[in-house]
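>>> the following comprises the amino acid sequence and a computationally predicted model.
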Amino acid sequence: MSAYEQYAEEKGKIDSYMKQQYVITGVREGLSGDWLELKHPGGDEASLLIETADARKYFVNLLLKQSLPP
């Protein structure tokens, strides 16, 4: 899989959760990538392993938008 394909796959997973109204509640850094912690207002929780640098930049931008007042 090319680097772009891996990024597109990770971005798609993040976008899927965001469309379902999940919010980012935490990020854990690891040697193999960053674990993105997500929570739905209904109480469901999920974790995603994000390995590509571009996908990390993408979720950081989402996190910043999420933390800004409306």
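It's in.
>>> switch to C-alpha atoms for all contacts and neighbour counts from now on
Will do.
>>> which other helices and strands contact the longest helix along the chain?
Across the chain, the longest stretch assigned as helix under DSSP state H is helix 3-19. With contacts taken as 3 or more CA pairs under 8 Å, 6 or more residues apart in numbering; DSSP states H and E, helix 3-19 sits against helix 53-67.
>>> what sits up against the helix it packs on?
Contact with helix 53-67 is made by 7, 10-11, 14, 23-24, 34, 50, as judged by CA atoms under 8 Å, 6 or more residues apart in numbering.
>>> between these, which is nearest His40?
Closest approach to His40 among the contacts of helix 53-67 (CA to CA): Val23, at 6.4 Å.
>>> just the CA trace of the helix or strand following the longest helix of the chain, in PDB.
Counting by DSSP states H and E, the next helix or strand C-terminal to helix 3-19 is strand 23-30. Output of strand 23-30 as PDB, limited to C-alpha atoms (Å, rounded to 0.1, in the frame of the first residue of the first chain):
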ATOM      1  CA  VAL A  23     -15.500  13.800  19.500                       C
ATOM      2  CA  ILE A  24     -11.800  13.400  20.100                       C
ATOM      3  CA  THR A  25     -11.200  13.000  23.800                       C
ATOM      4  CA  GLY A  26      -7.600  12.000  23.900                       C
ATOM      5  CA  VAL A  27      -4.400  11.100  22.000                       C
ATOM      6  CA  ARG A  28      -1.900   8.600  23.200                       C
ATOM      7  CA  GLU A  29       1.500   8.500  21.500                       C
ATOM      8  CA  GLY A  30       3.200   5.300  20.800                       C
END
